[in-house]
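**Student:** Structure for this input, please:
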Amino acid sequence: LKEFGGSENLYVGDTEKPKLEKNSLLVKIKATAINRADVLQRKGKYPPPAGASPIIGLEMAGIVEEVCPNVTSWKKGDRVMALLAGGGYAEYCVIPAGMAIKIPDNFSFEQAAAIPEVFMTAYQALVWLGELKDSENVLIHAGASGVGTAATQIVKNVVKDAKVFVTCGSQEKIDFCCSLGATKGFNYKTGPWEEDVLAATEKKGSNLTLDFVGAK
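**Tutor:** Predicted coordinates for the structure are as follows:
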């Protein structure tokens, strides 16, 4: 990144290969993903934590190339994915061994690279914090976003008979969310949607609402 601003400031360059650290893995990156946070970092509105790589990229999937001698849980050649403080756009990264996640055998590197940021965020919010249960009504704001689409798929696959309702900014986005399993969507640009949610849930409303857009 030459400087903060538009995508024209991104460039392909050379840098030193990261060095293995204690309790860490050196991973040859095969795939990464683009998140809104990456865009905000590029614009200078979401600074990386101190000590993070100057190269942007918050998640990756790849192959373990080197293993710290005191690490016994991984070996060279293992396929792993991980959430990063930065450096996902590079060819290599060093990660704490405890942060590595085994890639399922039936996942491609591209599929795996899309998991750590949005799916883990959505799972934490819905399951750990929201205590998602069977047969609940779940309202997801920004349903067509990365976390929103991940949340819909988690609800439809983790519990039984739950219904997902989403708010989006266009009918195209609503249709996409419904293709992932949402029961119904509401366009927040066309007017208030609260009464529509009540009508769609037989006046029960939502048991669990995911609103990461309004969070501070």
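
**Student:** If you count neighbours, what's buried in the lowest-mean-pLDDT helix or strand in the chain?
**Tutor:** When each helix and strand of the chain is scored by mean pLDDT, DSSP states H and E, helix 36-43 comes last, with a mean of 90. Buried residues in helix 36-43, counted by 16 or more other Cβ atoms under 10 Å: A37, D38, Q41, R42. Where you see a C-beta, it was placed from the backbone N, CA and C, and this is true even at glycine.

**Student:** cool, and stretch 69-86?
**Tutor:** V71, W74, D78, R79, V80, M81, A82, L83, L84, A85, G86.

**Student:** pLDDT averaged over that stretch, what's the number?
**Tutor:** Mean pLDDT, stretch 69-86: 96.

**Student:** Next, the distance between the ends of that stretch.
**Tutor:** The straight-line separation of the ends of stretch 69-86 (Cα to Cα, to the nearest Å) is 24 Å.

**Student:** distance between that stretch and the chain's centre?
**Tutor:** Centroid displacement of stretch 69-86 relative to its chain, using Cα atoms, centre = their mean, to the nearest Å, is 19 Å.

**Student:** on that earlier part again, counting only helices, which of the buried residues of stretch 69-86 make the cut?
**Tutor:** Using DSSP state H, no member of the buried residues of stretch 69-86 falls within helices.

**Student:** which residues sit in contact with S53?
**Tutor:** Contacts for S53 (Cβ atoms under 8 Å, 6 or more residues apart in numbering) come out as P18, L84, A85, G86, G87, A90, C93.

**Student:** mind running it again at 6 Å?
**Tutor:** Residues in contact with S53, defined by Cβ atoms under 6 Å, 6 or more residues apart in numbering, are G86, G87.

**Student:** tell me the phi and psi of it?
**Tutor:** Main-chain torsions, S53, degrees, to the nearest 10: phi -60, psi 140.

**Student:** ok so, going back, which one of the buried residues of stretch 69-86 sits closest to G146?
**Tutor:** Set against G146, the nearest of the buried residues of stretch 69-86 by Cβ to Cβ is L83 (13.3 Å).

**Student:** How about the closest one, nearest residue that isn't a chain neighbour?
**Tutor:** P116 (4.0 Å; Cβ to Cβ, 6 or more residues apart in numbering).

**Student:** And for G185?
**Tutor:** Using Cβ to Cβ, 6+ apart and skipping the chain neighbours, the partner closest in space to G185 is I174 (3.2 Å).

**Student:** What confidence value was assigned to the residue positioned nearest the centre of the chain?
**Tutor:** Centroid-nearest residue in the chain, with Cα atoms, centre = their mean: V118, separated by 1.6 Å. Among the per-residue scores, V118 holds a pLDDT of 93.

**Student:** for the one 3 residues further on, same thing?
**Tutor:** T121 is assigned a predicted lDDT (pLDDT) of 93.

**Student:** for stretch 48-66, which positions count as buried?
**Tutor:** In stretch 48-66, counting by 16+ other Cβ under 10 Å, buried: 48, 53, 55-62, 64-66.

**Student:** okay if I get those residues as JSON lines plus distance to T183?
**Tutor:** Converted to JSON lines, the buried residues of stretch 48-66 look like this (distance: Cβ to Cβ, whole Å):
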{"residue": "P48", "distance to T183": "38"}
{"residue": "S53", "distance to T183": "41"}
{"residue": "I55", "distance to T183": "41"}
{"residue": "I56", "distance to T183": "36"}
{"residue": "G57", "distance to T183": "35"}
{"residue": "L58", "distance to T183": "31"}
{"residue": "E59", "distance to T183": "29"}
{"residue": "M60", "distance to T183": "34"}
{"residue": "A61", "distance to T183": "32"}
{"residue": "G62", "distance to T183": "37"}
{"residue": "V64", "distance to T183": "41"}
{"residue": "E65", "distance to T183": "45"}
{"residue": "E66", "distance to T183": "48"}
